[in-house]
Structures are given as structure tokens and as C-alpha cells.
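1. with the input below, show me the fold.
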Amino acid sequence: MTDVTVIGLGAMGTALAVALLKASQRVTVWNRTAARAAPLVQRGATAANDVRQAVAASPVIVVCVYDYKASRAVLEEAGDALAGKVLIEFSTGSPLDAREADRWAQNHGADYLDGALLATPSQIGRPDTPIFLSGSETAYRQAETALKAIGGGLMYRGGEPGAAAAWDIAALSSMFGMMFGFFHGVRVCEAEGLSVSAFGDMMGQISPVIGEMVRQQGKSIAADNFANPESSMAICAGSGTLFLRQAREAGISAEFPTFADGLFRRAMAAGLGEETLSSMVKVLRG
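-> Okay, here's the model as predicted:
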């Protein structure tokens with residue numbers, strides 16, 4: 001018997017297995033392309049011959065494949081070996097996928113924990129690596145030692161299986177929204193002959209201030225309080241107009257400014273000009 005089994009040895013699955021081995025966990029690995037297990041075996045892992053053997057080898061089973069459909073196809077091969085196991089799903093999917101996976105796991109006698117890794121493979125194993133988890137609290141407690149080896153930033157979000165996936169999608173939406181804005185900022189810098197590297201450094205430097213703004217907006221929405229803004233929607237909408245004008249003057253893509261300006265115009269048309277920027281959520285609620 002080993003402590004943890006890792007099923008799926010792509011870039012992320014391999015990183016998970018390496019982090020577990022570094023934390024002195026005994027690890028069994030399996031991948032449909034068996035050759036991917038060889039480097040991990042050299043580091044001390046045990047390679048299983050098939051899925052059933054991999055599942056039988058450990059009390060905690062970590063699955064990290066392309067999506068939940070692929071995960072289900074693999075785990076079906078384990079048969080009744082899943083009974084009594086802690087099953088942790090790190091494949092990519094939606095809250096509905098997670099709820100369906102939880103029901104499937106329970107029907108096969110497994111205790112289910114859904115997980116979302118807000119990190120790249122190179123960030124796995126760090127003390128600040130954020131990991132969202134939801135589902136069985138018993139499973140979480142049983143697997144906590146192994147999970148801490150994967151990343152120190154564990155965030156257990158309760159017993160509803162879909163919560164981790166929902167938190168992940170919400171966080172990724174925020175991140176990619178910011179990155180799209182950043183990439184447009186890069187084009188502004190390029191058009192004006194400014195250093196893109198210095199721009200990236202500056203954005204990293206001021207990230208705590210941006211984080212504070214995000215927290216304030218979240219509290220405003222949660223309290224349903226959009227009055228007495230320090231910077232009103234009307235003032236912010238002026239920035240959207242400026243983004244669009246600069247893009248046209250510089251001859252760069254106006255896709256991002258057009259999107260932002262469109263939302264600001266809808267907010268102004270809805271009479272939100274003297275409210276806080278966070279009242280934009282009213283536009284998105286329809």
C-alpha cells in the first residue's frame with residue numbers, strides 16, 4: 001500500500017506526483033501512456049499496471065486528466081476497487097460536473113472531494129499555491145496532509161461539491177478579465193514607445209492597491225450599497241471613452257475598449273452615473 005495514487009500524468013498530474021514525493025508521501029502513479037510514469041518511478045513512485053491496481057494501492061486517489069468525461073471513462077475501469085476510498089478530482093469542469101461526479105462517486109462507495117488548482121504546474125508545491133476544495137469534509141480531513149504537499153494555500157469551501165469549481169471559475173474570470181486589460185495596455189505602451197517589461201513590473205508593484213479596490217467593490221455589492229462613491233460610474237465611464245479614443249488615434253485594436261465602453265454606456269443609460277463602479281453588477285444582472 002502507498003499513501004496516495006495519482007491518475008493522469010500530464011504536466012499538472014506529474015507536478016502533483018512530484019510534490020507528493022518531495023513531501024515523503026508514498027505514491028502510486030498510473031497513466032494510459034505508461035512511459036510517462038518512468039521518471040516518477042526513478043524518483044521513488046510505484047507504477048500501477050492498470051487503473052484497478054492503481055486505485056487499490058492507496059486510500060487517497062487523486063485524478064488529474066483533461067475533463068470529467070475523461071475522468072469517468074478512466075475510473076469506470078476501477079470497478080468496485082473505489083469502495084471506501086477518498087476520491088479527489090482535479091480535472092477541469094463546471095459546478096454541475098462536480099455535483100454529478102459526487103453522485104457517481106457515492107454510488108461507487110467513494111468519499112468525494114472536488115478540487116481546483118489555481119496555479120500552473122511550476123507553482124505546485126509552494127506554500128502559497130491556492131487550491132479550492134469542496135465536498136466531503138471527512139475526505140478533506142483524511143487527505144489534508146497530502147493536499148498540503150500539493151499547495152499550502154488550501155481553501156476548503158464547504159460540503160457543496162460544486163463550490164470549488166464555482167470559486168475557480170469566478171477567480172479565473174477575474175484573472176483573465178484583468179489580463180485582457182493588461183494586453184491592451186501592452187499595445188498602448190508599444191504604440192507610445194514605452195517599455196512593456198517596465199509596464200509589467202509596474203502592474204505587479206501596484207497589485208496590492210488593485211486588490212484593495214476589488215475587496216471594496218465586493219463589500220459594496222454584498223451590502224447592496226452603491227451610494228456615496230469616491231469615483232462615480234460617470235467618472236469611470238469617461239475613462240472608457242478615453243480608452244476608445246486613444247486606440248483609434250494610435251491605430252491599435254479597439255476590441256477591449258469597445259467592450260468596456262459598451263458596458264459603461266449601458267450603465268449610464270440605466271441611470272447609474274452617480275453610483276459606485278460596483279453598480280455595474282446591476283447591468284450584468286440584466
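2. okay, CA-based contacts and neighbour counts for the rest of this
-> Noted.
3. where exactly do the helices run in the chain?
-> Taking DSSP state H as the criterion, the chain carries its helices at 11-22, 38-42, 51-56, 68-75, 95-107, 137-150, 163-192, 196-205, 207-222, 233-250, 255-269, 280-285.
4. residue 32 and residue 65: what is the separation?
-> 11 Å (CA to CA, to the nearest Å).
5. need the overlap of contacts for the two.
-> Listed as contacting both residue 32 and residue 65 by CA atoms under 8 Å, 6 or more residues apart in numbering are residue 8.
6. tell me which of those two has more neighbours.
-> residue 65 (23 against 14; other CA atoms under 10 Å).
7. about what we covered before: let's have the helices of the chain in a markdown table, adding mean neighbour count.
-> Shown next, in a markdown table, are these (neighbours: other CA atoms under 10 Å):
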| stretch | mean neighbour count |
| --- | --- |
| helix 11-22 | 22 |
| helix 38-42 | 14 |
| helix 51-56 | 22 |
| helix 68-75 | 16 |
| helix 95-107 | 18 |
| helix 137-150 | 18 |
| helix 163-192 | 16 |
| helix 196-205 | 12 |
| helix 207-222 | 13 |
| helix 233-250 | 17 |
| helix 255-269 | 17 |
| helix 280-285 | 12 |
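8. residue 117 is nearest to which of those helices?
-> helix 163-192 (7.9 Å; CA to CA).
9. which elements pack onto that closest one?
-> In terms of contacts (3 or more CA pairs under 8 Å, 6 or more residues apart in numbering; DSSP states H and E), helix 163-192 is packed against helix 95-107, strand 111-117, strand 130-135, helix 196-205, helix 233-250, helix 255-269.
10. mind listing what the third one pairs with, with the direction of each?
-> Within its sheet, and counting by DSSP bridges, strand 130-135 is paired with strand 111-117 (antiparallel), strand 153-156 (parallel).
11. among those strands, which is the most enclosed?
-> Stretch with highest mean neighbour count among the strands paired with strand 130-135: strand 111-117 (a mean of 27; mean count of other CA atoms under 10 Å).
12. what are the contacting residues of that one?
-> Contacts of strand 111-117 (CA under 8 Å, 6+ apart): 84-92, 98, 101-102, 105-106, 130-136, 138-140, 161-162, 164-165, 168.
13. correct me if wrong: residue 143 contacts residue 61.
-> No: judged on CA atoms under 8 Å, residue 143 makes no contact with residue 61 at a distance of 9.3 Å.
14. what touches both of the two?
-> Joint contacts of residue 143 and residue 61 (CA under 8 Å, 6+ apart) are residue 86.
15. on that earlier part again, nearest to residue 155, of the helices and strands packed on helix 163-192?
-> strand 130-135 (5.0 Å).
16. the closest one: how far from the chain's middle?
-> 9 Å (CA atoms, centre = their mean, to the nearest Å).
17. which residues does residue 156 contact?
-> Counting by CA under 8 Å, 6+ apart, residue 156 has contacts 132-134, 140, 164.
18. now residue 252: how far from residue 192?
-> Counting by CA to CA, the gap from residue 252 to residue 192 is 11 Å.
19. kindly apply the preceding question to residue 101 instead.
-> 51 Å.
20. need the contact list for residue 228.
-> Per CA under 8 Å, 6+ apart, neighbours of residue 228: 275-276.
21. ok, now with 7 Å
-> Residues in contact with residue 228, defined by CA atoms under 7 Å, 6 or more residues apart in numbering, are residue 275.
22. pLDDT score for it?
-> We have a pLDDT of 93 for residue 228.
23. one more: residue 280?
-> For residue 280, the predicted pLDDT is 98.
24. surely it meets residue 267?
-> Yes: the criterion here is CA atoms under 7 Å, and residue 280 meets it with residue 267 at 6.3 Å.
25. now the closest residue to residue 23 other than its chain neighbours: how far from residue 14?
-> Leaving aside its sequence neighbours, residue 23 sits nearest to residue 149 (CA to CA, 6 or more residues apart in numbering; 5.8 Å). Distance of residue 149 to residue 14, computed by CA to CA: 14 Å.
26. wait, what's in contact with the nearest residue to residue 31 once chain neighbours are set aside?
-> Leaving aside its chain neighbours, residue 31 sits nearest to residue 8 (5.0 Å; criterion: CA to CA, 6+ apart). The neighbours of residue 8, taking CA under 7 Å, 6+ apart as the test, are 30-31, 63-65.
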